[in-house]
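Chemist: here you go, sequence then predicted model.
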Amino acid sequence: MTDTPLSTAEPGTPISSLPLGQRIAKTRVPTLRFESSEGTGHYVAQLIARLLRQRNQADKPTVLGLATGSTPIGVYRELIRLHREEGLDFSRVVTFNLDEYWPMSEESIHSYRRWMRENFFDHVNVAQANIHIPRGDLPRRSVDTFCEEYEQAIEEAGGIDIQLLGVGRTGHIGFNEPGSSRDSRTRLITLDPVTRKDAASGFYGEENVPLRAITMGVGTILSARQVICMALGEHKAAVVRQAVEERPTDRIVAIFLQTHPDTQFVLDAAAAADLTAIRTPWTVETVNWTPLLERQAVIWLAQKAGKPILKLEARDFHEHHLADLVEVRTGLVQDVSACVRRG
Ligand code: F6R
């Protein structure tokens, strides 16, 4: 794993102005890891700001697909700072939010519409008429037509340039829960119990979380020209590993992002912790061994080989990508023996 500048950096962008992330080896989709959640927010905000400046210069609109939730907060915070301190202009921006609970009144403290106002729209100069958010206040009989019109509005705006996503513990993107098809479009869906549990604290109890939501479909999301899926925190580590390392299945909807030509996952260190290249880097690339890594590798090898550490043989090291450690094996075995003796 190496510190690399942005893989997506475009000509003319001074590399030094963009936050650096570690490009993770051997994932099925480009994946960047940052030490902190702040790093992810700055990086994604810079990607958005860069496109916005280019489009503004050409007097063209920028169409953004936006997410709510705890994950993108740092992005919005940084975009607001760029607007206030560097004059980043949002006047030509058109936005489409991913989802909204249904039923949900606009003014409810739980509504995503209100969340977007408080966390972003009230602090930048996006024109009111350019903001699109699924309506949670419609009667059931009007929802399907609304969903079709939402799709049309995206198309009429010229399609989404950058789609920002978080990922749920069920693997949902938007509120496309397990089983959603790759071609699904904007529609009313039933929330997974895990998603409702995760939302429970905000609603003062799971029983208050709506059962349903309106969400852009997987197909709608995949129609965006660029997709940035963020994940923060150790509670996302397992689903992130599945999303970027496993083969496509509709069980984990975020895996469909692997089929998009311009997607990247942007992770903090905790969300990246389960990735193979982080947990067991010696299985995917040449590593710079440190005493800590050596010990981790030997413990892993003992588990893999199903043997106590003191019984590991040179052959075990060779068979499990740890030939490098054969030479240090004797020392390690002595260390372990000493530890065992000390109790
Ligand atoms: C929100 C959305 C959801 C969230 C996901 C992660 O608009 O579409 O998919 O991105 O549930 O939520 P947080 O960021 O709160 O962990």
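Modeler: Yep, it's here. Numbering: from 1, shown residues only.
Chemist: okay, residue 10: pLDDT?
Modeler: Looking at residue 10, its pLDDT is 41.
Chemist: with residue 343 instead?
Modeler: The confidence metric pLDDT takes the value 67 at residue 343.
Chemist: break the protein into its domains for me.
Modeler: According to automatic domain parsing, the chain comprises the domains 22-278, 281-342.
Chemist: so which of these is the most packed in?
Modeler: domain 22-278 (a mean of 19; mean count of other CB atoms under 10 Å). To be clear about C-beta, it is placed using only N, CA and C from the backbone, and glycine gets the same treatment.
Chemist: can you flag the weakest of the domains of the chain by average pLDDT?
Modeler: Among the domains of the chain, domain 281-342 scores lowest, at a mean of 86.
Chemist: who are the packing partners of the helix or strand residue 189 falls within?
Modeler: Assigned by DSSP states H and E, residue 189 belongs to strand 187-190. The contact analysis (3 or more CB pairs under 8 Å, 6 or more residues apart in numbering; DSSP states H and E) places strand 187-190 against helix 140-156, strand 212-215.
Chemist: excluding its backbone neighbours, what's nearest the residue in the stretch 151-300 of the chain that the ligand sits nearest to?
Modeler: Residue of the stretch 151-300 of the chain nearest the ligand, by CB to the nearest ligand atom: residue 166 (2.5 Å). Nearest non-adjacent residue to residue 166, counting by CB to CB, 6 or more residues apart in numbering: residue 71, 3.5 Å away.
Chemist: is the lengthiest helix in the chain positioned near the ligand?
Modeler: For the chain, the helix reaching the highest residue count under DSSP state H is reported as helix 37-57. No - judged by CB under 6 Å from any ligand atom, helix 37-57 stays clear of the ligand, getting no closer than 10.8 Å.
Chemist: could you pull up phi and psi at the closest residue to residue 136 other than its chain neighbours?
Modeler: Using CB to CB, 6+ apart and skipping residues adjacent in sequence, the residue nearest residue 136 is residue 104, 3.0 Å away. Phi and psi for residue 104, reported as degrees, to the nearest 10, are phi -160, psi 130.
Chemist: tell me the centre residue of this protein?
Modeler: residue 230 (2.2 Å; CA atoms, centre = their mean).
Chemist: beyond the longest helix of the chain, next helix or strand please.
Modeler: Going down the chain from helix 37-57, the next helix or strand is strand 62-66, by DSSP H and E.
Chemist: quick check: neighbours of that following strand in the sheet, parallel or antiparallel?
Modeler: Strand pairing for strand 62-66, determined by DSSP bridges: strand 93-97 (parallel), strand 162-165 (parallel).
Chemist: name the surrounding residues that touch the last one.
Modeler: Spelled out, it's strand 162-165. Contact with strand 162-165 is made by 44, 47-48, 51, 62, 64-67, 72, 75, 98, 173-174, 221, 224-230, 254, 257, as judged by CB atoms under 8 Å, 6 or more residues apart in numbering.
Chemist: try it again at 6 Å.
Modeler: For strand 162-165, the external contacting residues (CB atoms under 6 Å, 6 or more residues apart in numbering) are 48, 64-67, 72, 173, 221, 224, 226-229.
Chemist: for the protein, just list every one of the strands.
Modeler: Per DSSP state E, the chain carries strands over the ranges 2-4, 21-23, 31-34, 62-66, 93-97, 99-102, 131-132, 162-165, 187-190, 212-215, 226-231, 263-268.
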